[in-house]
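> Provided below are the primary sequence and the corresponding predicted coordinates.
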Amino acid sequence: MFSSPPSEPVSNSSLLHNLNPEQLAAVTLPAEHALILAGAGSGKTRVLTTRIAWLLQTGEVSPGGILAVTFTNKAAKEMMTRLGAMLPVNVRGMWIGTFHGLCNRFLRAHYKLANLPQAFQILDTQDQLSSIKRLYKQFNIDDERFPAKQMQWFIGGCKEDGLRPNAVVARDDETRKKIEIYQLYEDQCQREGVVDFGELMLRSYELLRDNDPIREHYQRRFRHILIDEFQDTNKLQYAWVKMLAGTGAHSSVDGAFQPTGCVLAVGDDDQSIYAFRGARVGNMADFVREFGVRHQIKLEENYRSGSNILDSANALISHNSKRLGKNLRTSQGPGEPVRVFEATSDFAEAQWMVDEMKQLVREGHERKEIAVLYRSNAQSRVIETALFNASMPYKVYGGLRFFERAEIKNALAYLRLLENPRDDTSFMRAVNFPPRGIGARSLEQLQDLARASGCALSDAVSGLSGKAGTNIGAFLAGIDVLREQTQGMSLRDTIVATLEHSNLLTHYKADREGADRLENLAELVNAAESFVSIEGFGRDAVALPVDELGQALTQSPASQGLDLNQPVLDIPAPDAETGETLSPLAAFLTHAALEAGDNQAQAGQDAIQLMTVHASKGLEFDAVFITGMEEGLFPHENSMNDRDGLEEERRLMYVAITRARKRLYLSHSQTRMLHGQTRYNLKSRFFEELPEEALKWITPKQSGFGGGSGFGGGASYSGAGGPYSERARGQFGTDYTKYNTAATAAPVPAQKETPGGLKVKQKVFHPKFGEGTVTALEGTGEDARAQINFPRHGVKWLALSVAKLTPVP
DNA sequence: CCGGTGACAATTTTT
DNA sequence: TTGTCACCGG
């Protein structure tokens, strides 16, 4: 898949053709640290890959001297594919991959120094949580006081900050206890021979930091370090990059070694939307300062959208204060206006969208070129229902990925036990699934025993007596037999044998809802086969054989980057002493953990694309609907409290807007079903931050709640985009008034009445709830009620005859 | 060991 | 409203 086409090396000029001046400058930068500020749709990936190709082409560096890091497997693959198409290099042999993938490769190569078993396995997020829960049982830790989820977050956070338990400051008793649990967790993982995602990063970092020869080897080796999506890096990843680049602060004892790695960081601070998981946009500024960056290039030419869309994006993001500063521009014309729609209910919003989509499809747009973006997953439901009822094919992104499915995890648990009987997480998962009469009490006994002797569950079984001992003993003996039997088998046969032995197949066959699961298990066998044949055994997991890198090097136009005579520390595929190599199975299991698989099931099918705004980053579509543009939803209420939160929401909106090539729709609804309750939301403040001249209101703009008319006649068809004209109506061929039927039990709107002298959208003050905004009015006289949205207390209905409300000017 | 029950919470996500 | 999870009874 990633092998190089048998083409001649392309010439320099063809490599660089069609680059704009900024892109060209970025590609041909001198060998120094540099920061590329790459706006949305500015050809960032192209610049990155062309830069690598150019470095190789000009002999500046050999393939072995390049380190290119991304966040997702998808991005890494794309980089390799594109590079492979540009130059006849063996991209698989190069250090191009995700942070975690590369750390894995590094740790496999130096597993002894890293104090890990060669076949260490990787805990995914689920595994990590169950590992912590198991710990809680063993040590009687109160899940009420220290929720396992929260503990998981704490541990992950510490690792991201590069902190081991002994380095975390115990500022209070609670933290002290957490640190204690963190330590217990660490011990448990170490004993079991497993690492979590954070550990992959942290242990790699520590090994580089503490081992001078290793660090200097890699510093010498990686002449060019390229990092994608730099704004998403966390503290540890930044430190890792810094360590590999060797900024001079860490020269060896004799001081003779001068590190030379050049870092090319590519990112966009305006698209930083992952602060919640530890990303630090500040790394960009830190990078410039700490690395003494002299070259900064802005890629501002956008090749994706017309200026109405880009002006909207630019105007919106200009409301953020913390920016490095960048403006997207295009040589395309204005393109279509940004269409804005106001619905009476989430249901009506979905209906409208479906009709609009039908129209788009009629006009010849492919369904997969139409995307619906929303802030939170819960919003997809109504839309799905509407699409389903309209028989419109759609695809929801997100949700469980292939290797995260229960049946797959169950099968993997058996496979992991074959590889490593000490893996207690897998033991617990497999021991009584499918059910084989091993109850909770037996397992508790076993766990007590294991803890007392500090050994693995599987080692403690021999100490069990009675029925418990017999049952669990039989399970374990079965695993041992299976391990024997599968010796020398192909990966495929090993998995088939395991599925048989475990009774998973029988179990799911008996389950009348197990058909899908059986299908997935069959798919697991396929995945294993393609892992061996197409991907090539273990290349994700194992350091490459020497000859392969050698081949990559000799194919390079120049090989001055890496001295072939120096010891190649990262390629000890077989263990130096025992000659042991990673089994295909261990490699496959690693692959499963590091690449959880697509979650886009029927990819390739022409279906409407539904996803969160986060998931849409990096993608583009002809037509984009951004839905639920309401206060509390987008910007989300949990983010509105602090300035940073709001700015991140705005960046999120920026990302959403810039996904659209041709047509962009923004919609909001007056009412929305959320958590089983109807909420009344104001339209998003982001509307106020968009340039009116780029927008076109295609709704009869409502005057106050419910548009009066109720839902019928009398609405005033005016809006920022001017009167709702017949022309517009004809153009879209849709009568929008039909959506103004609230499907949910919306309160009957006051018609022209303003009870108590209040108006919708007016700000009022309540002695208890503070300041709020009137969102609806209802009834007259004594019965007059107002619905008010209080930022701190939520939406409330207040009887005007009782509530002491003061209008706020 | 299953299946029912009630409590509870419910942005965003990759590895 | 929906999904998850701990707990309990058959």
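Yep, that arrived. Numbering: from 1, shown residues only, chains lettered A, B, ... in the order given.

> ramachandran angles for the most centrally placed residue in chain A?
Note on chain A: the residue nearest the mean C-alpha position is A:Ala615, at 6.8 Å, using CA atoms, centre = their mean. Phi and psi for A:Ala615, reported as degrees, to the nearest 10, are phi -70, psi -20.

> number of nearby residues for the nearest residue to it once chain neighbours are set aside?
Spatial nearest neighbour of A:Ala615, excluding adjacent residues (CB to CB, 6 or more residues apart in numbering): A:Tyr397 at 4.9 Å. C-beta coordinates here come from the backbone N, C-alpha and C atoms, glycine included. For A:Tyr397, the number of neighbouring residues by other CB atoms under 10 Å comes to 19.

> contacting residues around the residue nearest to A:Ser331 when sequence neighbours are not counted?
For A:Ser331, ignoring the flanking residues on the chain, the nearest one in space by CB to CB, 6+ apart is A:Glu301 at 7.5 Å. Contacts here follow CB atoms under 8 Å, 6 or more residues apart in numbering; on that basis A:Glu301 touches A:20, A:22, A:39, A:42-43, A:328-331.

> beta partners for A:Glu301?
Here A:Glu301 sits in beta bridges with A:Arg329, as judged by DSSP bridges.

> ok, it to DNA strand B distance?
As defined by CB to the nearest atom of the strand, to the nearest Å, A:Glu301 lies at a distance of 27 Å from DNA strand B.

> residue contacts, the closest residue to DNA strand C within the stretch 201-350 of chain A?
Nearest residue of the stretch 201-350 of chain A to DNA strand C: A:Asp346, at 11.8 Å (CB to the nearest atom of the strand). Neighbouring residues of A:Asp346 by CB under 8 Å, 6+ apart: A:379, A:382, A:628, A:669, A:671-673, A:744.

> Serialize those to a markdown table and add fields for pLDDT and neighbour count.
As requested, those are exported to a markdown table (pLDDT from 0 to 100; neighbours: other CB atoms under 10 Å):
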| residue | pLDDT | neighbour count |
| --- | --- | --- |
| A:Gln379 | 96 | 24 |
| A:Val382 | 95 | 24 |
| A:Gly628 | 97 | 26 |
| A:Ser669 | 96 | 30 |
| A:Thr671 | 95 | 27 |
| A:Arg672 | 95 | 24 |
| A:Met673 | 93 | 18 |
| A:Thr744 | 36 | 15 |
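
> from these, which is closest to A:Ala593?
Closest to A:Ala593 out of those is A:Gln379 (30.5 Å), distances taken as CB to CB.

> tell me, how many residues neighbour the single nearest residue of chain A relative to DNA strand C?
Here the residue of chain A nearest DNA strand C is A:Gly676; by CB to the nearest atom of the strand that distance is 2.3 Å. By other CB under 10 Å, the residues close to A:Gly676 number 5.

> which pLDDT value belongs to it?
Looking at A:Gly676, its pLDDT stands at 88.

> can you give me the strands for the stretch 601-750 of chain A?
Per DSSP state E, counting those that start in this stretch, the stretch 601-750 of chain A has strands spanning A:608-612, A:621-626, A:660-674, A:677-680, A:695-697. These are given in chain order.

> chain center to the last one, what's the gap?
Taking the mean C-alpha point of strand A:695-697 and that of its whole chain, the gap between them comes to 32 Å (CA atoms, centre = their mean, to the nearest Å).

> report pLDDT for the residue of the stretch 201-350 of chain A closest to DNA strand C.
At A:Asp346, the predicted lDDT confidence score is 96.

> again with A:Met611
pLDDT recorded at A:Met611 is 97.

> kindly provide the distance from it to A:Lys763.
A:Met611 is 35 Å from A:Lys763, where distance means CB to CB, to the nearest Å.

> who has more neighbours out of those two?
For A:Met611 versus A:Lys763, neighbours defined as other CB under 10 Å are more numerous around A:Met611 (21 against 13).

> excluding its backbone neighbours, what's nearest A:Thr233?
Spatial nearest neighbour of A:Thr233, excluding adjacent residues (CB to CB, 6+ apart): A:Asn283 at 5.0 Å.

> that neighbour and A:Asp270, how far apart?
The spacing between A:Asn283 and A:Asp270, counted by CB to CB, is 15 Å.

> also A:Glu206?
Distance from A:Glu206 to A:Asp270, by CB to CB: 33 Å.

> check A:Ala53 too.
Distance from A:Ala53 to A:Asp270, by CB to CB: 27 Å.

> what about the two, which has more around it?
Using other CB under 10 Å, the more surrounded residue of A:Ala53 and A:Asp270 is A:Asp270, with 28 against 23.

> isn't the more buried one right up against A:Arg323?
Yes - counting by CB atoms under 8 Å, A:Arg323 is a contact partner of A:Asp270 at 6.5 Å.

> quickly list what's touching both of these two.
The contact sets of A:Asp270 and A:Arg323 overlap at A:Ile317 (CB under 8 Å, 6+ apart).

> any weak-confidence spans in the stretch 651-800 of chain A?
Along the stretch 651-800 of chain A, the model assigns pLDDT under 70 to residues A:700-757, A:760, A:775-785, A:787, A:791-799.

> kindly report the residues of it close to DNA strand C.
A:673, A:675-676 (CB under 7 Å from any atom of the strand).

> which of these are close to DNA strand B?
Near DNA strand B, judged by CB under 7 Å from any atom of the strand, the entries from those are A:675-676.

> looking at the residues of the stretch 651-800 of chain A next to DNA strand C, which one is closest to A:Trp95?
Ranked by distance to A:Trp95 (CB to CB), those are led by A:His675 at 46.6 Å.

> tally of neighbours for the nearest residue to the closest one once chain neighbours are set aside?
In space, and not counting its chain neighbours, A:His675 is closest to A:Ala378: 8.0 Å by CB to CB, 6+ apart. Neighbours of A:Ala378 under the rule other CB under 10 Å: 14.

> cool, and the one 3 residues further on?
The burial count assigned to A:Arg381 is 13, neighbours taken as other CB under 10 Å.

> distance of it from A:Met94?
A:Arg381 is 44 Å from A:Met94, by CB to CB.

> how about A:Thr671?
54 Å.

> and the stretch 251-400 of chain A, which of its residues are near DNA strand C?
A:Arg381.

> in the stretch 251-400 of chain A, where is pLDDT below threshold?
In the predicted model, the stretch 251-400 of chain A carries pLDDT under 70 at residues A:251-259.

> and the helices in it?
Here the stretch 251-400 of chain A has its helices, by DSSP state H, counting those that start in this stretch, at A:282-290, A:307-317, A:346-362, A:380-389.

> tell me which element A:Val764 falls in.
In this structure, A:Val764 sits in strand A:763-766 according to DSSP states H and E.

> tell me how far that strand is from the chain's mean position?
With CA atoms, centre = their mean, you get 40 Å for strand A:763-766.

> just checking, what packs against it?
strand A:770-778, strand A:785-790, strand A:806-808 (3 or more CB pairs under 8 Å, 6 or more residues apart in numbering; DSSP states H and E).

> check which residues of the last one are buried.
Within strand A:806-808, no residue counts as buried by 16 or more other CB atoms under 10 Å.

> who does it pair up with?
Next to strand A:806-808 in the sheet, as set by DSSP bridges, lie strand A:763-766 (antiparallel).

> show me the contact partners of the strand it pairs with.
A:758, A:771-774, A:786, A:788, A:790, A:798, A:803-809.

> out of the residues you listed, which is nearest to A:Leu102?
Comparing the contacts of strand A:763-766 against A:Leu102 with CB to CB picks out A:Phe790 as the nearest, at 49.0 Å.
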